[in-house]
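J.: this is a predicted model, with the sequence first.
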Amino acid sequence: MNGQPFKRRVQPRMLLVDFLRDELGLTGTHIGCDTGHCGACTVMLDGLTVKSCLLLAAQARGLEVQTIEGLNRGGKLHPLQKAFLDHQGLQCGYCTPGMILSSLFLLNHNPNPTDNEIKRAIDGNLCRCTGYLGIVRAVREAASVMRENLRPSTN
Amino acid sequence: MRPKAFEYHAPVSVGEALQLLSASEDAKILAGGQSLMTLMKLRLVAPSSLIDINRISQLNYIREEPDRISIGALTRHDQVSSSPLVNARCRLLAEAASVVADQQVRNRGSIGGSLAHADPSADMPVACTALNAELKLTSKEGSRTVAAREFFLGFFTTVLRRDEIIEEIRIPLPGSRSGGAYEKLTKGHNDFALVAVAAQCSLNSEHVCDGINVVLGGVEQKPTHATMTESNLLHKRMDGHVIHEAAMEADAGLTLTIDPRASEDVKRSLIRTLTGRALRVAFGRALEAT
């Protein structure tokens, strides 16, 4: 879990999202629709975005789970978090953790996406404030920052 | 929403899964779970035993064989759509897999799970039927092969027996002068199709159509061949006019299931329009391949 090993016994029917929120107290992963449509519960499982309301906690056994709490390392916002803040990529913030993880999955595979690729990458995440334009801008900006960070230093 | 309590099993081999399946009256196989988990949470489905096959790595592969592509049932949609082999040899399947729901669902949902679930609007049943796919179904007693076009019986209903799992999907390799395309229209980007059309065709050296499948999704209770369109294209020399005329017959003879999202007129019009688009792309690709 975000780099830390956790060991718990769970009921077979416990959902991954409930395990994260209720057992581990990681409430950054949200429950929106609870039927697999809205993407608010998106987390990464072994590097792949999944909807944690459609997985059992037991299915994560032995796998690496990353949630929004795992992005902020050493008190510093991840470039995606910073960009969502700077470009008004969030209003109420409910969809934001899922949006950011879906965006991170995109940028991990495609460091320089077009706006259409960004829109496609977040089409499993619903924003009820309809702040999509700010979100697309934020992802575009974060992509550029992350590419810059990857460039080898010249001195 | 929480599922009703169940016994959970996570076998690591097909043999073990089949053993568990045969030992229970109402066990369900959990593959990607992108439909089953929702149904269980809504308690529309409440199996006493759940057999999670996600740890059976021997069910996840895409292999080229002399005459076909073999795909393990647990292969995820995203793996199918990004496979260089599938893209090179079987574009229709790659395209269909790339438009299943959204990225999260494609990361987890599997080709075998989608076929077993048999949603009449889902992409994989339509694509696999158009590609003359065969499904390898396995039980403790052994395996049998069923053509995709025989596999689906109706709404969420297939010939899969209670003690069987889908083990492999076999796609015959299309010939050299062939092409395929997948078109669908949805209301929202990650919604199920209002109408989906899979077209797979082949041409002879004279540009005469010598093989054609046009299969519709979201129209009847299971993937449906547009038989009038197919018979109007077969053995004809391809040109834009022939394709247009054939596409105009795509909804002929169909009894559409009621769809609260769109009227029958709209759906018939969509069937014809999307069939025309899919055919133009499919035949265009077949021509390019010559």
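T.: Thanks, I have the structure now.
J.: so what's the residue of the stretch 1-150 of chain B found nearest chain A closest to, chain neighbours aside?
T.: Per CB to the nearest CB, the residue of the stretch 1-150 of chain B with the smallest distance to chain A is residue B:102, at 2.7 Å. No exception for glycine: its C-beta is placed from N, CA and C like everyone else's. The shortest distance from residue B:102 to any residue other than its chain neighbours is 2.7 Å, reached at residue A:124 (CB to CB, 6 or more residues apart in numbering or on different chains).
J.: specify the local secondary structure of the spatially most central residue of chain A.
T.: Residue closest to the average C-alpha location in chain A (CA atoms, centre = their mean): residue A:101, at 1.8 Å. Three-state call for residue A:101 (DSSP: H, G, I helix; E, B strand; the rest coil): helix.
J.: which one is it nearest to, not counting chain neighbours?
T.: Closest to residue A:101 by CB to CB, 6+ apart is residue A:42, at 4.8 Å.
J.: quick one, helices of the chain?
T.: Picking chain A for this. A:16-18, A:79-86, A:96-109, A:115-121, A:132-150 (DSSP state H).
J.: my bad, chain B
T.: Using DSSP H, helices in chain B cover B:14-22, B:36-41, B:77-82, B:84-89, B:91-98, B:103-108, B:111-117, B:123-130, B:148-151, B:227-233, B:240-247, B:264-288.
J.: need the winner for burial among those.
T.: Highest mean neighbour count among the helices of chain B (mean count of other CB atoms under 10 Å in any protein chain shown): helix B:123-130, with a mean of 29.
J.: picking that back up, now do the contacts for the residue nearest to the centre of chain A.
T.: By CB atoms under 8 Å, 6 or more residues apart in numbering or on different chains, the contact set of residue A:101 is A:42-44, A:49, A:66-68.
J.: give me the pLDDT for residue B:188.
T.: On the pLDDT scale, residue B:188 is placed at 82.
J.: count of residues packed around it?
T.: 10 (other CB atoms under 10 Å in any protein chain shown).
J.: now the one 10 residues further on
T.: For residue B:198, the tally of surrounding residues (other CB under 10 Å) stands at 30.
J.: and the pLDDT at it?
T.: 98.
J.: for it, what are its contacts?
T.: B:92, B:96, B:126-127, B:129-131, B:180-182, B:213-215, B:217, B:278.
J.: now do 7 Å
T.: Going by CB atoms under 7 Å, 6 or more residues apart in numbering or on different chains, residue B:198 touches B:92, B:96, B:126-127, B:130, B:182, B:215, B:278.
J.: could you export the helices of chain B as JSON lines, including distance to residue A:8 and mean pLDDT?
T.: As requested, the helices of chain B are arranged in JSON lines below (distance: least, CB to CB, whole Å; pLDDT from 0 to 100):
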{"stretch": "helix B:14-22", "distance to residue A:8": "24", "mean pLDDT": "98"}
{"stretch": "helix B:36-41", "distance to residue A:8": "20", "mean pLDDT": "97"}
{"stretch": "helix B:77-82", "distance to residue A:8": "29", "mean pLDDT": "98"}
{"stretch": "helix B:84-89", "distance to residue A:8": "39", "mean pLDDT": "97"}
{"stretch": "helix B:91-98", "distance to residue A:8": "35", "mean pLDDT": "98"}
{"stretch": "helix B:103-108", "distance to residue A:8": "22", "mean pLDDT": "98"}
{"stretch": "helix B:111-117", "distance to residue A:8": "27", "mean pLDDT": "98"}
{"stretch": "helix B:123-130", "distance to residue A:8": "35", "mean pLDDT": "98"}
{"stretch": "helix B:148-151", "distance to residue A:8": "40", "mean pLDDT": "98"}
{"stretch": "helix B:227-233", "distance to residue A:8": "56", "mean pLDDT": "98"}
{"stretch": "helix B:240-247", "distance to residue A:8": "57", "mean pLDDT": "97"}
{"stretch": "helix B:264-288", "distance to residue A:8": "49", "mean pLDDT": "97"}
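J.: among these, which is nearest residue B:47?
T.: helix B:36-41 (7.6 Å; CB to CB).
J.: look up how far residue B:198 lies from the single nearest residue of chain A relative to chain B.
T.: Here chain A gets closest to chain B at one residue, residue A:124, 2.7 Å apart by CB to the nearest CB. Residue A:124 sits 23 Å away from residue B:198, going by CB to CB, to the nearest Å.
J.: again with residue A:71
T.: From residue A:71 to residue B:198 the distance is 40 Å (CB to CB).
J.: quick one on the thing from earlier: could I get the helices of chain A as CSV with distance to residue B:70 and mean pLDDT?
T.: Shown next, in CSV, are the helices of chain A (distance: least, CB to CB, whole Å; pLDDT from 0 to 100):
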stretch, distance to residue B:70, mean pLDDT
helix A:16-18, 31, 98
helix A:79-86, 39, 97
helix A:96-109, 26, 98
helix A:115-121, 29, 97
helix A:132-150, 37, 96
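J.: out of these, which is closest to residue A:56?
T.: helix A:16-18 (6.4 Å).
J.: now residue B:232, nearest residue through space, not along the chain?
T.: In space, residue B:232 is closest to residue B:246, 4.1 Å off (CB to CB, 6+ apart).
J.: which residues does the one you found contact?
T.: Residue B:246 sits next to B:229, B:232-233, B:279 when contact means CB under 7 Å, 6+ apart.
J.: from the residues you listed, pick the one nearest chain A.
T.: residue B:279 (25.2 Å).
J.: my read: that closest one touches residue B:243, true?
T.: Yes: using CB atoms under 7 Å, residue B:279 makes contact with residue B:243 at a distance of 4.8 Å.
J.: what does chain A put close to chain B?
T.: Chain A comes close to chain B at residues A:12-13, A:34-36, A:39, A:42, A:48-51, A:54-55, A:58-59, A:102, A:105, A:121, A:123-124, as judged by CB under 7 Å from any CB of the partner chain.
J.: out of the residues you listed, which are buried?
T.: A:12-13, A:34, A:36, A:39, A:42, A:48-51, A:54-55, A:58-59, A:102, A:105, A:121, A:123-124 (16 or more other CB atoms under 10 Å in any protein chain shown).
J.: narrow those residues to those in strands?
T.: Residues of these located in strands (DSSP state E): A:42, A:48-51.
J.: could you dump those residues to a markdown table with pLDDT?
T.: Converted to a markdown table, these look like this (pLDDT from 0 to 100):
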| residue | pLDDT |
| --- | --- |
| A:42 | 98 |
| A:48 | 98 |
| A:49 | 98 |
| A:50 | 98 |
| A:51 | 98 |
